[in-house]
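Participant: Below is the sequence, then the predicted model.
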Amino acid sequence: MKGLELEGFSDRQANSQGGSAAAVALNRVEDAVIRNCRVLPGTGQFLSFAGENTRDILLIGNDSRRARIPYRLSREAPKDAVRELDNLLSPK
């Protein structure tokens, strides 16, 4: 998928106990913007990115403080596929 925009999304996994699946799983996404999203309490992992063609993902102004894992890249996804700007993360 090319040119995805996700804005203002607010949710968590179907399993309210913070299961291992991501709330939003994206595969082979290029040129995407995910902005102003809010993670709900009980979220284990918010975003996952997979696929060797995954690239140019921009995370802007998302509130991931309630996620144990804000996002994860699969092994085949390029390490520089995701860039972040002004996201809120839980303190480590």
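Facilitator: Ah, there it is.
Participant: check contacts around N36.
Facilitator: Counting by CB atoms under 8 Å, 6 or more residues apart in numbering, N36 touches 7-8, 60-62. The C-beta positions use only the backbone N, C-alpha and C, and glycine is treated the same way.
Participant: 7 Å instead?
Facilitator: 7-8, 61-62 (CB atoms under 7 Å, 6 or more residues apart in numbering).
Participant: Which of those fall within strands?
Facilitator: Among the contacts of N36, the ones falling in strands (DSSP state E) are E7.
Participant: Could you dump the contacts of N36 into JSON lines and include distance to L47 and neighbour count?
Facilitator: Listed next are the contacts of N36 as JSON lines, based on distance: CB to CB, whole Å; neighbours: other CB atoms under 10 Å:
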{"residue": "E7", "distance to L47": "14", "neighbour count": "12"}
{"residue": "G8", "distance to L47": "15", "neighbour count": "8"}
{"residue": "G61", "distance to L47": "14", "neighbour count": "15"}
{"residue": "N62", "distance to L47": "9", "neighbour count": "26"}
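Participant: Make JSON lines out of the contacts of N36 and add pLDDT and distance to V33.
Facilitator: Formatted as JSON lines, those follow (pLDDT from 0 to 100; distance: CB to CB, whole Å):
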{"residue": "E7", "pLDDT": "97", "distance to V33": "8"}
{"residue": "G8", "pLDDT": "97", "distance to V33": "12"}
{"residue": "G61", "pLDDT": "98", "distance to V33": "10"}
{"residue": "N62", "pLDDT": "97", "distance to V33": "11"}
